[in-house]
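**Q** model this:
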Amino acid sequence: MHARYFYADIAWTCLNSMFPRKYNSVTCSCVGDGCNVGCNTIGDVGATALADALLVNTTLTAVAVNNNAIGDIGAQALAQVIQKNNTITDFNILDNPFGSHGGKVIADALKTNTTIRTLVGRSPPSTQ
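**A** Numbering: from 1, shown residues only. Now for the predicted structure:
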């Protein structure tokens, strides 16, 4: 069985309705059962709003929020999605600057998630 990925190239439109004042050029394109909002610098505010939408999602199975300047607050919102959403199977959170608290809440959420097959991320650099 081959994994299915339906990531679309980004078009500058989707999240504008959520953040018309602050994000007048956010890229979000959802095609099939995947959504890629990577490389938009949506930060914690955007991640939290996106998480609110993903909490009620029953269609998307692949979500990419890589390179979005998401910190601990946004990571906490995404952790709620990981914990409560049973549709998403592939999640890309690579290259976001959340700290150890954000990493911990995501790790804790993964302990109870039974649907995520792939989580793309990166460990923080060693402090030694």
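
**Q** is Ala79 in contact with Lys111, as I believe?
**A** No - counting by CB atoms under 8 Å, Ala79 does not reach Lys111; the two are 10.7 Å apart. Placement of C-beta: from N, CA and C, glycine included.

**Q** so for those two, which sits in the more crowded spot?
**A** Taking neighbours as other CB atoms under 10 Å, Ala79 and Lys111 compare with Ala79 leading, 23 against 8.

**Q** ramachandran angles for the more buried one?
**A** phi -60, psi -40 (degrees, to the nearest 10).

**Q** sec struct for Ala77, please.
**A** helix (DSSP: H, G, I helix; E, B strand; the rest coil).

**Q** burial count for it?
**A** 23.

**Q** how far away is the closest residue to it other than its chain neighbours from Asn85?
**A** Taking CB to CB, 6 or more residues apart in numbering, and ignoring the residues beside it in sequence, Ala77 has Ala51 as its nearest neighbour in space, at 3.7 Å. Distance of Ala51 to Asn85, given as CB to CB, to the nearest Å: 9 Å.

**Q** go on, Thr61?
**A** From Thr61 across to Asn85, the span is 10 Å (CB to CB).

**Q** likewise Leu50?
**A** Between Leu50 and Asn85 the computed distance is 12 Å (CB to CB).
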